[in-house]
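J.: model this:
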Amino acid sequence: MSRIINPDSAGKERTRLSKCVVLAVRELAHQTGPGAESRDPAAFIALALAAIAGTIDVSVAAWEKRGYWVKADRFRMDWAWAGQYADKMRQAVLAEDWASVAQAAAQAAQRLNRITVPPGHRLGTPWVGAWKALNSGQ
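T.: Below is the predicted model:
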């Protein structure tokens, strides 16, 4: 029997979501004012950060199985901010508190400042419909 290789690992998903969050933060920064067009990128940031936080335990499971407890704990501590910012962003978006949305988006952007998205990316606009998904997931 041969090994089964999963090309869609949690790390790749986390990287893709991080790039999408960077794009959504840029889109949110280009908005002239809070309104209907600002809801989708803000809601997407909240959903994507929650998804990033969900990939942490999947990534750490292999290390814990081999007994690399320090490495696993360090990785969890490095990415613990994602779940916290996702909760902040979700509450701010649902309350339409745009000052808190801007603050949470800026904090997430600071954490993801090493992520580069090339101008010819193929990510598209992943935030389309995120406002509806956030409201239905309450």
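J.: what's the residue closest to the geometric middle of this protein?
T.: residue 49 (2.8 Å; Cα atoms, centre = their mean).
J.: how about that one, secondary structure?
T.: helix (DSSP: H, G, I helix; E, B strand; the rest coil).
J.: is it true that it touches residue 108?
T.: Yes. With contact defined as Cβ atoms under 8 Å, residue 49 reaches residue 108; the gap is 6.4 Å. Yep, even glycine has a C-beta here, placed from its N, CA and C like the rest.
J.: residue ranges for the helices of this structure, please.
T.: In the chain, helices defined by DSSP state H lie at 10-30, 36-54, 56-65, 69-95, 98-111, 130-136, listed in chain order.
J.: Which of those helices sits closest to residue 117?
T.: When the helices of the chain are compared by Cβ to Cβ, helix 10-30 sits nearest residue 117, at 5.1 Å.
J.: Could you list every helix and strand in contact with that closest one?
T.: Applying 3 or more Cβ pairs under 8 Å, 6 or more residues apart in numbering; DSSP states H and E, we find helix 10-30 packed against helix 36-54, helix 56-65, helix 98-111.
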